[in-house]
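In: Give me the fold of what follows.
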Amino acid sequence: MTSTDKRDDLTIDQQLAIATAARRLGEEFAGTFSVETIERFLHTSYDQFATRAAVANFLPLLAERFARQRLHALARVEGKSDGRPIVLFLCVHNAGRSQMALGFFSHLAGDYAVGWSGGSEFATEINPAAITAMAERGIDISREFPKPWTEEIVRAADVVITMGCGDTCPIFPGKRYLDWELEDPAGKSAEEVRPIREEIERRVRALLDELGVPVS
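Out: Numbers count the residues shown, from 1 in each chain. This next block holds a predicted model:
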């Protein structure tokens, strides 16, 4: 019996979705992590979103996607690296600045680097104005979702970019941090977000150049 079978706080559909997610992750990380580790990460990821998700039916999908990222981070922390630099973008709600930065980073770096994002008090949805502003540049961030940061994600990153999260941002000794002072796009229109977007792109391009990552 798996841990999925033991939970009585999930509907039957959610139990089936979580079990399917556990099988997929088990196949993906076979030989790297035990079934117990994979299920633990999946269920703790589920619990982190359970009180904030706008639509409960999406919880298993969010949990699977976040658990996958966390497991990749754990593998990196344990020395299993493919050599690509990892950059983590952090802000308070992970709904605007950090999502736009991740969008530019992933778009420009392609497969040559890995980008993640997170928030200290993550929101329930991406800022619509940020989605619109990024779409104007041909970058779709609508499929992303606000998420928290976890210890293994921060430890796996080569560079941590903080954007207005102050003392709530995680600090680990020996980690490289860069603080980007950027206006918060919360409550602003797409037109008002454009200058913030342009400054974020400038900084992301400069960071990629510093890291020696070719821009696609």
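In: distance between the helix or strand hosting residue 46 and the chain's centre?
Out: Using DSSP states H and E, residue 46 sits within helix 35-50. On the basis of CA atoms, centre = their mean, to the nearest Å, helix 35-50 sits 15 Å off its chain's mean C-alpha point.
In: pLDDT averaged over the helix or strand just after it - what is it?
Out: As assigned by DSSP H and E, the chain's next helix or strand after helix 35-50 is helix 59-77. The predicted model assigns helix 59-77 a mean pLDDT of 96.
In: re the thing from before, what residues does the helix holding residue 46 touch?
Out: Here helix 35-50 makes contact (CB atoms under 8 Å, 6 or more residues apart in numbering) with 2-4, 7, 18, 21-22, 25-26, 29, 59-60, 62-64, 66-67, 70-71, 74, 147-148. C-beta here means a position set from N, CA and C on the backbone, and glycine is covered the same way.
In: Report the buried residues of it.
Out: Going by neighbour count (16 or more other CB atoms under 10 Å), the buried part of helix 35-50 is 38-39, 41-43, 45-46, 48-49.
In: which of these lies closest to residue 138?
Out: residue 49 (29.0 Å; CB to CB).
In: so who does residue 139 touch?
Out: Contacts of residue 139 (CB under 8 Å, 6+ apart): 103-104, 107.
In: so can I have JSON lines of the residues you listed showing neighbour count, secondary structure and distance to residue 159?
Out: Below are the contacts of residue 139 laid out as JSON lines (neighbours: other CB atoms under 10 Å; DSSP: H, G, I helix; E, B strand; the rest coil; distance: CB to CB, whole Å):
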{"residue": "103", "neighbour count": "29", "secondary structure": "helix", "distance to residue 159": "17"}
{"residue": "104", "neighbour count": "25", "secondary structure": "helix", "distance to residue 159": "15"}
{"residue": "107", "neighbour count": "19", "secondary structure": "helix", "distance to residue 159": "18"}
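In: Those residues into CSV, with extra columns for distance to residue 186 and pLDDT?
Out: Listed next are these as CSV, based on distance: CB to CB, whole Å; pLDDT from 0 to 100:
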residue, distance to residue 186, pLDDT
103, 17, 98
104, 19, 98
107, 23, 98
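In: can the residues you listed go into JSON lines with extra columns for distance to residue 160?
Out: Shown next, in JSON lines, are those (distance: CB to CB, whole Å):
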{"residue": "103", "distance to residue 160": "18"}
{"residue": "104", "distance to residue 160": "17"}
{"residue": "107", "distance to residue 160": "20"}
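In: of all these, which comes closest to residue 175?
Out: residue 104 (22.0 Å).
In: The closest one is in contact with residue 204, isn't it?
Out: Yes - contact status for residue 104 versus residue 204: in contact at 4.3 Å, counting by CB atoms under 8 Å.
In: what's downstream of the worst-scoring helix or strand of the chain on mean pLDDT, the next helix or strand?
Out: Least confident helix or strand, the chain: helix 3-6 with a mean of 50, by mean pLDDT, DSSP states H and E. Counting by DSSP H and E, the next helix or strand C-terminal to helix 3-6 is helix 12-28.
In: Many thanks, have a good one.
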